[in-house]
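Participant: my questions concern the predicted model and sequence given below.
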Amino acid sequence: MRVYGAFLFLFFFMFVAVGLVPASPQNDEGTVTTKIIAMEKAWNQAFKMRDANALNSLLTDDIVLVNDDGSLESKAEFQKGIRDAKASDEQQVTPESIEVRVFGNTAVATGVFRLKGVENGKAFARKDRFVDTWIRKGDSWVCASASATPVGK
């Protein structure tokens, strides 16, 4: 029995060494998926609350943001829009679904969210599909690219 246990330990160690089994539980796909989903939800909440500081830690400085109208926005422009009292006031940002695929130090989150608010004094409701690309920087994850596409109401 001892030989069998030692053999299993050695076998497991070999898989860790060649990367077939994650060496750290913080880096396993399930843990990363949970982290990315939590950060996606934090992004939605910060957006709704107009908290540009909270968004700052979630986004790379050179993030590529593609808005649902096809326009591009820098991080600075995005944060300015969050801070400014614009004619558009998103009152509710609700994720309907979020899926994450992990590829080493990159994770791609896809899903659908609903957005409700007031724009130029008129209420609106829409549904967007999103694709966000997250990268590992040191011990944390940050979003390097985000896009949204309208898919209906």
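Facilitator: Everything's here; your move.

Participant: distance check, Pro95 against Ala125.
Facilitator: 15 Å (Cβ to Cβ, to the nearest Å). No exception for glycine: its C-beta is placed from N, CA and C like everyone else's.

Participant: higher neighbour count, those two?
Facilitator: Higher neighbour count among Pro95 and Ala125: Pro95, with 16 against 11, using other Cβ atoms under 10 Å.

Participant: could you give the average pLDDT over the host helix or strand of the more buried one?
Facilitator: Using DSSP states H and E, the element containing Pro95 is strand 88-103. Confidence over strand 88-103 (mean pLDDT, whole number) is 79.

Participant: quickly find the element holding the residue nearest the centre of the chain.
Facilitator: The centre of the chain sits closest to Glu40, judged by Cα atoms, centre = their mean, with a distance of 4.1 Å. Assigned by DSSP H and E, Glu40 belongs to helix 29-48.

Participant: who does the following helix or strand past that helix touch, helix- and strand-wise?
Facilitator: The helix or strand immediately downstream of helix 29-48 is helix 52-58, counting by DSSP H and E. In terms of contacts (3 or more Cβ pairs under 8 Å, 6 or more residues apart in numbering; DSSP states H and E), helix 52-58 is packed against helix 29-48, helix 75-83, strand 140-152.

Participant: okay, now the unreliable bits of this structure?
Facilitator: In the predicted model of the chain, residues 1-27, 85-92, 153 satisfy pLDDT under 70.

Participant: kindly recompute the last result at 80.
Facilitator: Low-confidence segments of the chain, defined by pLDDT under 80: 1-27, 48, 82-95, 119-120, 152-153.
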